[in-house]
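Student: Turn this into a model:
(one chain, ligands or ions: 1)
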Amino acid sequence: MNAVEVASLVVTRGKREVLHGLDFAIPTGQVTGLLGPSGCGKSTLMRTLVGVQAGVTGTVTVFGEPAGSPVLRPRIGYVTQAPSIYDDLSVTENLTFFARVLGVGRAEVARCVEAVDLVDHADDVVAKLSGGQRSRASLAVALLGSPSLLVLDEPTVGLDPVLREELWGTFHRLADDGVAVLVSSHVMDEAERCDRLLLMRDGVFIADGTPAEIKQQAGLAESADIEQAFLAIVRGDAA
Ligand SMILES: Nc1ncnc2c1ncn2[C@@H]1O[C@H](COP(=O)(O)OP(=O)(O)OP(=O)(O)O)[C@@H](O)[C@H]1O
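Tutor: The predicted model follows:
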């Protein structure tokens, strides 16, 4: 089943066309990676899927509804690059606040703290958390109400390898539970952790497939990395 279906998507920001006609779908039950260099349009695409981007033409449907439709609000969890939690509240207080705003039950608070492995820090004020713990607290907010689509904009930036590993474990657990997880990154070495990749450059997709398929498309061996595949595809080596 597809969580997201997009056809002929063009996005213009200011006077510039940023996304130049995208067609793709995002299935449930998988971690889809949106990878590409800084400025290629990843955040713009994510903003479009959650329905907060202006200047959009084409068709963007999420669970069969037009993106931005109010009925979708409880079904989508979105974490932007800027952490959107309150520094002077504890993890539990933050979650309790957002649970109230979203109208979800208090039981959700404990469930989400546990899902991101912050039980030991539940009563810590966010200002005192490490960067990785803070990212996980933001993610916990996005998990309130068990959304079926999670849109995570560069969630692992600035995290050490151990925390990154833990976070990717969380993403896969959520996908195993049937959630459609879309994760953006400009770090190509995160690619191997995704079930499927959308490689983006200058507002278009240059490849769409599993890491193995993309390497094959680039004419590279399985042991190659996605960065090499990205470069080979850009240079047209496999053409
Ligand atoms: N508010 C804005 N107004 C006009 N143009 C913008 C705005 N925000 C971003 N852009 C432009 O849109 C393009 C895509 O930006 P976007 O933030 O989607 O890229 P990105 O791939 O998410 O980059 P990064 O990895 O650095 O976050 C860039 O060229 C950027 O200059």
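Student: Tell me who's in contact with Ala54.
Tutor: Neighbour list for Ala54: Arg13 [criterion: C-beta atoms under 8 Å, 6 or more residues apart in numbering]. C-beta here means a position set from N, CA and C on the backbone, and glycine is covered the same way.
Student: now with 10 Å?
Tutor: Contacts were defined as C-beta atoms under 10 Å, 6 or more residues apart in numbering; by that measure Ala54 touches 11-13, 47-48.
Student: which among those end up buried?
Tutor: For the contacts of Ala54, a burial check counting by 16 or more other C-beta atoms under 10 Å picks out 11-12, 47-48.
Student: from those residues, which two are the most distant?
Tutor: Using C-beta to C-beta, these span at most 13.0 Å, a distance reached by Thr12 and Arg47.
Student: between the two, what contacts are shared?
Tutor: Counting by C-beta under 10 Å, 6+ apart, the residues touching both Thr12 and Arg47 are 53-54, 56.
Student: Surely Val157 is within a helix?
Tutor: No - using DSSP: H, G, I helix; E, B strand; the rest coil, the assignment for Val157 is coil, not a helix.
Student: quick revisit: of the shared contacts of Thr12 and Arg47, which are in range of the ligand?
Tutor: Residues of the shared contacts of Thr12 and Arg47 in contact with the ligand (C-beta under 6 Å from any ligand atom): none.
Student: taking the residues you listed one by one, which sit in strands?
Tutor: Among the shared contacts of Thr12 and Arg47, the members falling in strands (DSSP state E) are Val56.
Student: can you list the shared contacts of Thr12 and Arg47 in TSV and add pLDDT?
Tutor: Below are the shared contacts of Thr12 and Arg47 laid out as TSV (pLDDT from 0 to 100):
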residue	pLDDT
Gln53	96
Ala54	96
Val56	97
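Student: what does the protein put close to the ligand?
Tutor: Within the chain, the positions lying close to the ligand (C-beta under 6 Å from any ligand atom) are 13-14, 18, 36, 38-44, 186.
Student: Buried among these? Make that a PyMOL selection.
Tutor: In PyMOL, a selection of the buried entries from those looks like this (16+ other C-beta under 10 Å):
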select buried, resi 18+36+40+41+42+43+44+186
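Student: what's the most distant pair in the residues of the chain next to the ligand?
Tutor: Longest distance between any two of the residues of the chain next to the ligand is 21.8 Å, between Gly14 and His186; criterion C-beta to C-beta.
Student: For the biggest helix by length in the chain, buried residues please.
Tutor: Of all segments of type helix in the chain, defined using DSSP state H, the longest is helix 161-176. Going by neighbour count (16+ other C-beta under 10 Å), the buried part of helix 161-176 is 163-164, 166-168, 170-172, 174-175.
Student: Show me what that helix is packed against.
Tutor: Contact analysis of helix 161-176 by 3 or more C-beta pairs under 10 Å, 6 or more residues apart in numbering; DSSP states H and E lists strand 31-35, helix 107-115, helix 131-143, strand 149-152, strand 180-185 as its packing neighbours.
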